[in-house]
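[1] What follows is a predicted protein model with its sequence.
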Amino acid sequence: MSKRTTISNGVRWWRYFLIPVIIGFLNGALTNPETRARDFFYALVFGIVFFLLYKMRRVRFDDENIYRIYGQKERVHPYTSITGIIRSGRKVNGRRMWRVEYHDKDNLKKRFFLLEGIFQHDSINDFIKRVEKANPSVKIERSHFWDQVNRSLGKS
């Protein structure tokens, strides 16, 4: 087993900047009765953003598996269970999302989305090469638009 490579490291560290903001709004809500409702609302909104950043997953891979990491929990998916890697039409901050389809241990078809990390430019290509090597029957769509055009014309 080789060293794990990061695909998506997320931006979880931003949540630490929200802690003083939340505390400031809560302090303002408790000390200033005129802006109490507004400050509680902002504290709630930033609290939800903090929670979403806390739950954001990190994705890593090695020669045999892909690992989705949620806080301290880790979900392992072997390459042999992956049935498709599809480039999504959606973007987040200018970066393309990828949909990974797989079969779980109960043989149910499931999927998850991953987003290439900010400083991991070639990690998606490396991941796709490793999956193709371990599972030659995997369906790869690298061009969202042209793959759909070919499919509608019956070329795929």
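    Sure, I can see it.

[2] use CA for all of it now, contacts and neighbours both
    Noted.

[3] Could you give the number of residues near residue 139?
    Using other C-alpha atoms under 10 Å, residue 139 is surrounded by 15 other residues.

[4] Average pLDDT for the lengthiest helix in the chain, rounded please.
    Ranked by number of residues, the top helix in the chain under DSSP state H is helix 36-55. Averaging pLDDT along helix 36-55 yields 89.

[5] Now do the buried residues in stretch 78-85.
    78-85 (16 or more other C-alpha atoms under 10 Å).

[6] what pairs with the residue nearest the centre of the chain across the strands?
    For the chain, residue 114 is the residue whose C-alpha lies nearest the centre (C-alpha atoms, centre = their mean; 3.7 Å). Beta bridges link residue 114 to residue 98, judged by DSSP bridges.

[7] Check which strands are paired with the top strand by length along the chain and give the direction for each one.
    Longest strand in the chain by number of residues (criterion: DSSP state E): strand 82-92. Next to strand 82-92 in the sheet, as set by DSSP bridges, lie strand 95-103 (antiparallel), strand 139-141 (parallel).

[8] Any regions of the chain where pLDDT drops low?
    Applying pLDDT under 70 to the chain flags the ranges 1-2, 8-11, 56, 90-94, 117-121, 144-156.

[9] Domain-wise, how is it divided?
    12-55, 57-153 (automatic domain parsing).

[10] Reformat those as CSV; add distance to residue 5.
    What follows is the domains of the chain, written out as CSV (distance: least, C-alpha to C-alpha, whole Å):
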stretch, distance to residue 5
domain 12-55, 18
domain 57-153, 5
